[in-house]
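*Asks:* need a 3D model of the following:
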Amino acid sequence: MKRKLVLQNGMEFIGHGFGSFKETIAELVFNTSVVGYQEILSDPTYYGQMLCMTYTLIGNYGMIDEDYDSKVIGPKALVVREYNDKPSNFRYTKTLNEVLEENDVVGITHVDTRQLTRVLREQGSMLAIICDLDVTTEEALAKINDYIAIEHPVSQVSCQKIWYSRCPNPKYNVVTVDCGAAYNMIREWNHLGCNVTIVPYNTSYEKIMGMNPDGVVISMGPGSPENCKEVIELIQKIQGQKPILGFGLGCQLIALANGLSVEKLVHGHRGSSYPVRNTKTNKVEITSQNHSYVISSGNDNVQVTYENVMDHTIEGIEVVDQKCFGVQFYPTNTLGVSHECYQQFIEYMQKGGN
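*Replies:* Numbering: from 1, shown residues only. Model (predicted):
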């Protein structure tokens, strides 16, 4: 069935629907990754957005039950150049279409994603609607203008109650504040000998400190960091008592908690090939990222630890003498060796509180 994508600027793209066939409106963003669409779709940071994949063929290896990064399918809609409904993969358990249908996520294929991405690069992320062909452009734009975005998406993706991920012979207890946590990072803490307690984003300072954690992690998540006032206040209270590490949104919240400001990028950083430079070692590494907001500047109490090689935006910070730091990217395990930020956090926990 033919459907169309209408952008806030009035441009139209005709394609074929798959997944859910409801009408949907959301902020349209793009991701440049070549592989990993399942992990991308199950990243809670995309919650409430419409996602365009720049790689041309999506769905060719299906969806695998063991490979989800969360229980949440983040995007409201998926835009692709070519959808493959006959996966070639002995591990696949469902097709992408089946997963989208089950989660009421709209899909549209045979869209010129190359042109669409150029528009978003030049004009920035914008609202868009996927609808039937009989909806006129004027009607579609009126619906976009009336749309009210989710004000606090973190509250929608955070866990509702405390849960645990334990490991044999644990050395440390880590509390993760769930703003949109991914399973792969929780598994990495288990691999490093940490029992992990995952708590809702609005868990009180008293409750977290009552768990006597060796360190506190602030996860990645969707939306503007300025909406997460509960977590900002939490960081301000814990900082100086326990080591703190923030990923993505968590890094931005650490910045706000320490007097820095954030600003929204024109089209965000979303993909698996962003080069960042470690300002201490001058070493450059290729990272996976998914964020719309960047830290605008440092101050005397906050050091910049990583810088984006392409646009020179801040990709990592550390609060001086507070064992509190964060990175905008998603640290990875390379050849069985954990990323240095995991190792740094382990060292801080070994030394105990400040």
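*Asks:* which residues of this structure fall in helices?
*Replies:* Along the chain, the segments classed as helices by DSSP state H run 37-41, 96-102, 113-123, 137-146, 154-157, 183-191, 205-210, 229-238, 249-257, 340-351.
*Asks:* quick one, which of these is nearest to residue 300?
*Replies:* Using Cβ to Cβ as the measure, helix 249-257 is the one of the helices of the chain that comes nearest residue 300, at 14.1 Å. Any C-beta I mention is one placed from the backbone N, CA and C, and that applies to glycine too.
*Asks:* for that closest one, C-alpha coordinates in PDB please.
*Replies:* Only the C-alpha atoms of helix 249-257 are listed here, as PDB (Å, rounded to 0.1, in the frame of the first residue of the first chain):
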ATOM      1  CA  LEU A 249      22.100  12.200  28.300                       C
ATOM      2  CA  GLY A 250      23.800  11.300  31.600                       C
ATOM      3  CA  CYS A 251      26.900  13.300  30.500                       C
ATOM      4  CA  GLN A 252      24.800  16.300  29.600                       C
ATOM      5  CA  LEU A 253      23.100  16.100  33.000                       C
ATOM      6  CA  ILE A 254      26.500  16.100  34.800                       C
ATOM      7  CA  ALA A 255      27.300  19.300  32.800                       C
ATOM      8  CA  LEU A 256      24.100  21.000  33.800                       C
ATOM      9  CA  ALA A 257      24.600  20.000  37.400                       C
END
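*Asks:* pLDDT score assigned to the closest residue to residue 301 other than its chain neighbours?
*Replies:* What sits nearest to residue 301 in space, not counting adjacent residues and going by Cβ to Cβ, 6 or more residues apart in numbering, is residue 320, at 5.5 Å. Each residue has a pLDDT score; the one for residue 320 is 92.
*Asks:* number of residues surrounding residue 320?
*Replies:* Neighbour count of residue 320, defined by other Cβ atoms under 10 Å: 11.
*Asks:* could you shift the numbering so residue one becomes 29, and keep it that way?
*Replies:* Sure thing, new numbering starts at 29, so read that last one as residue 348.
*Asks:* residue contacts, it?
*Replies:* Each residue near residue 348 by Cβ atoms under 8 Å, 6 or more residues apart in numbering is listed here: 328, 329, 330, 331.
*Asks:* who's in contact with the first one?
*Replies:* If I follow you right, that is residue 328. Residue 328 makes contact with residue 348, according to Cβ under 8 Å, 6+ apart.
*Asks:* quick one: pLDDT of it?
*Replies:* Note for residue 328: predicted pLDDT of 85.
*Asks:* which phi and psi does the residue nearest to residue 359 when sequence neighbours are not counted have?
*Replies:* Closest residue to residue 359 apart from its sequence neighbours, by Cβ to Cβ, 6+ apart: residue 367 at 3.4 Å. With angles defined as degrees, to the nearest 10, residue 367 sits at phi -60, psi 150.
*Asks:* for stretch 102-122, what is the distance to the chain centroid?
*Replies:* Using Cα atoms, centre = their mean, to the nearest Å, the mean C-alpha position of stretch 102-122 is found 20 Å from that of the whole chain.
*Asks:* okay, buried residues for it please.
*Replies:* For stretch 102-122, burial by neighbour count (16 or more other Cβ atoms under 10 Å) applies to 102, 103, 104, 105, 106, 107, 108, 109, 111, 112, 115, 120.
*Asks:* strands - which of the residues you listed land there?
*Replies:* 105, 106, 107, 111 (DSSP state E).
*Asks:* now for those residues: which two are most distant?
*Replies:* Maximum pairwise distance among those (Cβ to Cβ): 12.9 Å, between 105 and 111.
*Asks:* for the spatially most central residue of the chain, give me its contacts.
*Replies:* Compute the mean C-alpha point of the chain, and by Cα atoms, centre = their mean the closest residue is residue 73, 3.2 Å away. By Cβ under 8 Å, 6+ apart, the contact list for residue 73 reads 102, 208, 248, 249, 250, 276, 277, 318, 319.
*Asks:* mind doing that once more with 7 Å?
*Replies:* Neighbouring residues of residue 73 by Cβ atoms under 7 Å, 6 or more residues apart in numbering: 102, 208, 248, 249, 250, 276, 318.
*Asks:* need the phi and psi values for the residue lying closest to residue 169 once chain neighbours are set aside.
*Replies:* Sequence neighbours aside, residue 38 is the residue nearest to residue 169 in space, at 6.5 Å (criterion: Cβ to Cβ, 6+ apart). Per-residue torsions, residue 38: phi 100, psi -10 (degrees, to the nearest 10).
*Asks:* ok, now how distant is residue 228 from residue 216?
*Replies:* Between residue 228 and residue 216 the computed distance is 21 Å (Cβ to Cβ, to the nearest Å).
*Asks:* per-residue confidence at the residue nearest to residue 359?
*Replies:* 91.
*Asks:* tell me, how many residues neighbour it?
*Replies:* 18.
*Asks:* surely it touches residue 360?
*Replies:* Yes: with contact defined as Cβ atoms under 7 Å, residue 367 reaches residue 360; the gap is 6.0 Å.
*Asks:* so which of the buried residues of stretch 102-122 comes closest to residue 160?
*Replies:* Closest approach between the buried residues of stretch 102-122 and residue 160, by Cβ to Cβ: residue 105, at 14.0 Å.
*Asks:* pretty sure the closest one sits against residue 159.
*Replies:* No: look at residue 105 against residue 159 with Cβ under 7 Å: they stay out of range, at 10.8 Å.
*Asks:* so the residue nearest to residue 169 touches residue 172, yeah?
*Replies:* No: at 9.8 Å, residue 38 does not count as touching residue 172 under the criterion of Cβ under 7 Å.
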